[in-house]
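Asks: give me the fold of what follows.
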Amino acid sequence: MDLEADLIVADITKQADIDAVVLHTPTVDILANVAGINLTGAVVTVASEASLGAGASGVSFAASKHGVIGIVRHVCFYSGPKGIRSNAVLPGPVATNIAETAMPQSQRTAAVGRIAS
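Replies: Numbers count the residues shown, from 1 in each chain. Below is the predicted model:
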């Protein structure tokens, strides 16, 4: 699988930055809006539903995702009073090597009735 990503730093309060992003990237598959030195904003972090408990994904994966939730909560604690929100998105099972080898078939479903690809 050939994957490619671009890191683009822009200030959404500046029209020239927005125009440059649109010209550089006419389509967007994933966009992370991360507060930097702005006075307010949002930090969105991708974790996993494995961060909510134990499962077939394995101890190292689950522990790392529990850690992500800890970081998000820590950012909330310190940055929330400054107007910076922090949230985590917890996707369910995704068709990966972990899902194929470690997860029983009964756990390879999600709320939408299928595993993500």
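Asks: could you list every residue that touches residue 62?
Replies: If a contact means Cβ atoms under 8 Å, 6 or more residues apart in numbering, then residue 62 has 50-51, 53-55 as its contacts. C-beta here means a position set from N, CA and C on the backbone, and glycine is covered the same way.
Asks: next one: residue 46
Replies: Taking Cβ under 8 Å, 6+ apart as the test, what residue 46 contacts is 88-89, 91.
Asks: could you export these as TSV, including distance to residue 42?
Replies: Output for these, formatted as TSV (distance: Cβ to Cβ, whole Å):
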residue	distance to residue 42
88	12
89	12
91	18
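Asks: quick check, nearest of those to residue 76?
Replies: residue 88 (9.9 Å; Cβ to Cβ).
Asks: so which strand or helix has that closest one?
Replies: strand 84-89 (DSSP states H and E).
Asks: paired strands for that strand, with orientation please.
Replies: Applying DSSP bridges, strand 84-89 is found paired with strand 41-46 (parallel).
Asks: how about the strand holding residue 88: buried residues?
Replies: For strand 84-89, the neighbour count (16 or more other Cβ atoms under 10 Å) marks 84, 86, 88 as buried.
Asks: cool, and stretch 14-26?
Replies: For stretch 14-26, a neighbour-count test (16+ other Cβ under 10 Å) marks residue 21 as buried.
Asks: what's next to that stretch, contact-wise?
Replies: If you take Cβ under 8 Å, 6+ apart as the criterion, stretch 14-26 is touched by 6, 8, 10-12.
Asks: who wins for neighbours among these?
Replies: residue 10 (14 neighbours; other Cβ atoms under 10 Å).
Asks: and that residue, how far is that from residue 19?
Replies: 10 Å (Cβ to Cβ, to the nearest Å).
Asks: start to end distance for stretch 2-11?
Replies: End-to-end distance for stretch 2-11, by Cα to Cα, to the nearest Å: 30 Å.
Asks: tell me how far the longest helix along the chain is from the chain's mean position?
Replies: Within the chain, and with DSSP state H defining each element, the longest helix by residue count is helix 59-79. How far helix 59-79 lies from its chain's middle: 12 Å, per Cα atoms, centre = their mean, to the nearest Å.
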